[in-house]
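Asker: Sequence and predicted model, in that order:
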Amino acid sequence: MPQALTWNMGTTGSAYSRDVADALAKSGKVFLDAPIPGGPPGAEAGPLGIMRSGAKAPFHALNSGWDAMYGNTVCP
C-alpha cells in the first residue's frame with residue numbers, strides 16, 4: 001500500500017483525473033477516482049451509487065471505508 005493516497009469523489013471529468021493520477025504517480029502516490037453520480041438530488045432521494053476507477057489493491061484495502069459510507073460495496 002502506498003504511503004499517500006488521494007481519492008477524488010467529485011465529477012471532475014476523466015481528463016482531470018488522468019492528469020492528477022499521472023502527476024501523483026511520479027512521486028509514488030496513488031490516485032483513485034470515485035465520483036458520486038446524482039449530486040444533491042440523488043443524495044436526498046436515497047442510497048448513492050459510486051463509480052470507482054484506479055488500481056484495484058488500494059480500493060480493496062479501503063473496502064471497510066466504502067462500506068461505512070455506502071452500506072454495501074462490490075469491487076471485482
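Answerer: Okay, I see it.
Asker: quick check, residue 32 in a strand?
Answerer: Yes. Applying DSSP: H, G, I helix; E, B strand; the rest coil, one finds residue 32 inside a strand.
Asker: Which pLDDT value belongs to it?
Answerer: As predicted, residue 32 sits at a pLDDT of 86.
Asker: Residue 15 too?
Answerer: Confidence score, pLDDT, at residue 15: 92.
Asker: and if you look at residue 70?
Answerer: For residue 70, pLDDT reads 68.
Asker: Then residue 21?
Answerer: Value for residue 21, per-residue pLDDT: 90.
Asker: Ok, the one 4 residues further on next?
Answerer: According to the prediction, residue 25 has pLDDT 89.
Asker: Name the single longest helix found in this protein.
Answerer: helix 14-25 (DSSP state H).
Asker: what residues does that helix touch?
Answerer: 4, 6, 8, 30, 31, 33, 53, 54 (Cβ atoms under 8 Å, 6 or more residues apart in numbering). Placement of C-beta: from N, CA and C, glycine included.
Asker: And the strands in the protein?
Answerer: Taking DSSP state E, the strands of the chain run over residues 5-8, 30-33.
Asker: Just give the closest residue to the most centrally placed residue in the chain, not the sequence neighbours.
Answerer: Residue closest to the average C-alpha location in the chain (Cα atoms, centre = their mean): residue 34, at 2.6 Å. Spatial nearest neighbour of residue 34, chain neighbours left out: residue 52 (4.7 Å); criterion: Cβ to Cβ, 6 or more residues apart in numbering.
Asker: correct me, but that neighbour touches residue 33?
Answerer: Yes. Look at residue 52 against residue 33 with Cβ atoms under 8 Å: they come within range, at 7.3 Å.
Asker: the more surrounded of the two?
Answerer: residue 33 (21 against 18; other Cβ atoms under 10 Å).
Asker: got the contact list for that one?
Answerer: Contacts of residue 33 by Cβ under 8 Å, 6+ apart are 7, 8, 14, 17, 21, 51, 52, 53, 54.
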